[in-house]
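[1] 3D, please:
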Amino acid sequence: MPAAATPPSRVWTLLLAVAGGLLTRVAFPEPGVWPAAFGGIALLYLALRRDGVWWNALVGLVWGMSFYPALITWADDAVGPVPWLALSLACAAYVAVFGAAWTWARRGEAVWRSVWWQLPVFVVVWVALEEGLAAWPFGGFPWGRLAFSQSDSPLVAFASLGGVPALSAVTVGAGVLLGISLSSLRHARLVRAGSAGLAAVLLVVLGVAIPLPTSAQSGVLRVGAVQGDVPGQGLDAFGRRAVVLDNHVRGTHALLDQVESGQLDLVLWPENGTDIDPQVDEDAAAAIDAAARAVGAPMLVGTVEYPDSGGRYNTSVLWEPGQGVVASYSKQHPAPFAEYIPLRSVARIFSDAVDRVTRDMLPGTRPGFVPLESERLGRTVGIGDVICFEVAYDPLVRSAVRSGGEVLVVQTNNATFGWSDESTQQLAMSRIRAVEHGRATVQISTVGVSAVIEPNGAVTRRTELFTADQMIASLPLRTSQTWATRLGGWPAWVIDALALAAVVSGVVGAARLRGTNRGEPA
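    Numbering: from 1, shown residues only. So this is what the prediction gives:
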């Protein structure tokens with residue numbers, strides 16, 4: 001094997017890792033400069049050129065701690081600095097594991113010799129670690145998946161083929177190609193540098209060629225969406241529950257400034273549109289029913305339920321005028337340490353905010369599918385519904401569509417996160433889900449950002465933060481399934497298997513060459 005060049009100094013690689021993490025953050029809203037993700041991954045690829053497992057784990061940790069705290073500053077706004085940093089460190093630990101796993105995988109002789117083999121191996125190992133973070137611990141935290149930085153990118157179309165794992169894969173692939181190009185320039189390998197750079201450009205351009213149909217297949221659903229606003233911010237935003245309910249009731253009546261009564265098929269309220277359960281409280285039920293009667297349409301209302309057995313449910317109920325609740329969906333994935341407190345005695349050491357959650361939220365057991373009996377369309381229309389952070393979890397959104405969802409609704413409450421980027425980061429996820437499943441999507445929030453999204457991810461209407469506003473939209477109903485919807489979890493499972501095989505092969509290859517000083521990889 002030919003001798004390789006001397007790798008960059010350790011100080012230099014750590015600086016590359018810091019720059020890479022910060023640059024990747026820029027790719028996410030706000031500002032959402034999507035090509036920055038390629039640069040951030042390229043710098044991580046260059047920073048991991050040494051052949052030390054523990055060293056590369058440290059490099060990954062540094063990259064992660066440069067990226068995650070800057071991405072989720074909203075966690076500091078919501079619960080304080082200690083939980084924010086603890087969550088950031090837990091996420092960064094996955095990047096550290098990636099650094100070690102990549103080092104082992106690269107030690108296979110074929111991968112070590114060829115950057116063109118390094119490209120797919122780096123990609124599958126990265127995506128596999130993203131999948132791990134999306135699942136464990138406590139149900140995972142997928143917020144920083146690279147796919148979610150690409151809602152404005154031509155690459156977003158790849159989500160319709162293989163879902164979020166495929167979109168993350170091509171994003172990482174473009175970044176590694178950029179890294180190969182930069183590394184080749186450093187070693188004056190001009191042909192390889194040009195080839196890698198051209199391949200990165202072609203990969204992005206290829207996304208433009210993937211069709212994303214938006215036409216209605218089974219009619220059009222006319223909806224009104226109500227962003228009622230709340231009287232405060234942060235953890236105390238819902239301290240005046242009656243005011244929040246009244247805001248959304250008044251917002252529903254305000255829809256009549258834009259449409260006549262009976263012209264809408266459905267009115268959408270956000271998560272926590274009323275924290276007073278209308279199935280128990282007669283005054284809340286009367287206010288909601290009066291609003292539904294006024295607009296002449298059923299309403300999808302975010303509320304809560306308190307079963308006699310204890311706990312609570314974060315629930316969305318379909319309210320028919322004059323009838324009340326005819327269908328419902330309860331959130332399947334409550335947020336750990338926010339909606340329920342695992343390891344409460346341990347969590348209290350880090351933040352006494354855990355004691356604000358006096359009644360743990362229970363998980364729902366059914367997919368997010370709400371059947372709407374439409375008199376105008378003369379049939380049952382399937383509404384795919386997910387609540388708040390559930391939009392980040394592949395299986396939950398997919399099950400809502402597979403169960404018959406012809407449109408997607410993302411009901412959310414962003415009041416806890418103040419003026420941070422949390423709401424626009426969530427909007428980017430909703431846009432990607434629209435593309436992934438080919439469904440018109442409405443993200444409706446108590447305080448914003450709410451938006452109407454076409455099946456190709458284009459935003460046609462959006463609101464601002466902490467304002468009372470209403471949106472009217474005609475949503476194309478679609479019944480066909482994208483490749484991503486049909487394939488389900490298979491792309492992720494295949495990538496996980498390939499990543500495991502790559503790491504094991506690398507470990508075996510390294511054992512055969514133990515004691516050989518290989519320097520920097522090709």
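
[2] where does the prediction get shaky in the stretch 1-150 of the chain?
    Applying pLDDT under 70 to the stretch 1-150 of the chain flags residues 1-7.

[3] repeat that for 80
    1-8, 109-110 (pLDDT under 80).

[4] can you give me the helices for it?
    Assigned by DSSP state H, counting those that start in this stretch, the stretch 1-150 of the chain shows helices spanning 10-27, 36-47, 53-71, 73-79, 81-106, 109-113, 115-133.

[5] same question for the stretch 201-350 of the chain.
    Taking DSSP H, counting those that start in this stretch as the criterion, the stretch 201-350 of the chain contains helices spanning 241-254, 282-295, 344-350.

[6] with the stretch 401-522 of the chain instead?
    Using DSSP H, counting those that start in this stretch, the helices assigned to the stretch 401-522 of the chain run over residues 422-437, 483-487, 490-512.

[7] what sits up against the last one?
    Same thing as helix 490-512. Identification of contacts with helix 490-512 by C-beta atoms under 8 Å, 6 or more residues apart in numbering yields 101, 104-109, 111-112, 120-121, 124-125, 127-129, 131, 162-163, 165-166, 169, 394, 484. Quick note: C-beta positions are derived from backbone N, CA and C, even for glycine.

[8] could you point out the longest helix of this structure?
    Taking DSSP state H as the criterion, the chain has its longest helix at helix 159-186.

[9] and it, what's buried?
    By 16 or more other C-beta atoms under 10 Å, the buried positions in helix 159-186 come out as 159-184.

[10] cool, stretch 91-110 as well?
    Neighbour-count burial for stretch 91-110, counted by 16+ other C-beta under 10 Å, picks out 91-109.

[11] now Ala110. Nearest residue, chain neighbours left out?
    Trp117 (5.3 Å; C-beta to C-beta, 6 or more residues apart in numbering).

[12] check Leu133 too.
    Among residues not flanking Leu133 along the chain, Tyr94 sits closest, at 4.6 Å (C-beta to C-beta, 6+ apart).

[13] please apply the same query to Glu373.
    Spatial nearest neighbour of Glu373, chain neighbours left out: Thr380 (5.7 Å); criterion: C-beta to C-beta, 6+ apart.

[14] what about that neighbour, is that helix, strand or coil?
    What DSSP: H, G, I helix; E, B strand; the rest coil gives for Thr380 is strand.

[15] show me what contacts it?
    Taking C-beta under 8 Å, 6+ apart as the criterion, Thr380 is in contact with Pro371, Leu372, Glu373, Ser374.

[16] ok so the third one is a strand residue?
    If I follow you right, that is Glu373. Yes: the assignment for Glu373 (three-state DSSP) places it in a strand.

[17] returning to what we had before: what is the burial count for the residue nearest to Ala110?
    By other C-beta atoms under 10 Å, the residues close to Trp117 number 17.

[18] do you know how far the residue nearest to Glu373 is from Phe417?
    Between Thr380 and Phe417 the computed distance is 36 Å (C-beta to C-beta, to the nearest Å).

[19] count of residues packed around Phe158?
    Neighbour count of Phe158, defined by other C-beta under 10 Å: 27.

[20] tell me if I'm right that it and Gly207 touch.
    Yes: in terms of C-beta atoms under 8 Å, Phe158 counts as a neighbour of Gly207; the distance is 6.0 Å.

[21] show me what the longest helix of the chain is packed against.
    Judged by 3 or more C-beta pairs under 8 Å, 6 or more residues apart in numbering; DSSP states H and E, helix 159-186 is in contact with helix 36-47, helix 115-133, helix 190-208, helix 394-402, helix 422-437, helix 483-487, helix 490-512.

[22] relative orientation of that helix and helix 36-47 in degrees?
    Angular relation of helix 159-186 and helix 36-47 on a 0 to 180 degree scale: 50 degrees, by axes from the mean of the first three to the mean of the last three C-alpha atoms, to 10 degrees.

[23] from the chain's centre, how far out does helix 159-186 sit?
    19 Å (C-alpha atoms, centre = their mean, to the nearest Å).

[24] then stretch 204-215?
    That offset, for stretch 204-215, works out to 21 Å (C-alpha atoms, centre = their mean).

[25] what does stretch 270-282 give?
    27 Å.

[26] over to stretch 392-401?
    With C-alpha atoms, centre = their mean, you get 11 Å for stretch 392-401.

[27] got it, and stretch 385-393?
    Distance of stretch 385-393 from its chain centroid, counting by C-alpha atoms, centre = their mean, is 8 Å.

[28] repeat that for stretch 119-132.
    How far stretch 119-132 lies from its chain's middle: 17 Å, per C-alpha atoms, centre = their mean.

[29] stretch 139-159 now?
    Relative to the centre of its chain, stretch 139-159 is centred 7 Å away, using C-alpha atoms, centre = their mean.

[30] over to it now: how far is its first residue from its last?
    Start-to-end span of stretch 139-159 (C-alpha to C-alpha, to the nearest Å) is 22 Å.

[31] hang on, the earlier thing: so which of the helices of the stretch 201-350 of the chain gets nearest Gly310?
    Nearest to Gly310, of all the helices of the stretch 201-350 of the chain, is helix 344-350, at 14.7 Å by C-beta to C-beta.

[32] distance check, Ala42 against Ser151.
    Counting by C-beta to C-beta - Ala42 and Ser151 are separated by 21 Å.

[33] higher neighbour count, these two?
    Ser151 (28 against 24).

[34] okay, now the unreliable bits of the chain?
    The chain contains residues with pLDDT under 80 at 1-8, 109-110, 232-240, 337-338, 340-358, 509-522.

[35] OK, contacts around the residue positioned nearest the centre of it?
    In the chain, the C-alpha nearest the mean C-alpha coordinate belongs to Ala392, at 3.3 Å (C-alpha atoms, centre = their mean). Neighbouring residues of Ala392 by C-beta under 8 Å, 6+ apart: Ala134, Pro142, Trp143, Arg145, Phe148, Gln426, Met429.

[36] can you get me a residue count around Gly509?
    18.

[37] distance of it from Trp112?
    Going from Gly509 to Trp112 by C-beta to C-beta gives 8 Å.

[38] again, but for Ala17
    Here Ala17 is placed at a distance of 21 Å from Trp112 (C-beta to C-beta).

[39] ok, Val156 - contacts?
    Counting by C-beta under 8 Å, 6+ apart, Val156 touches Gln150, Leu167, Gly207, Arg431, Ile432, Val435, Gly457.
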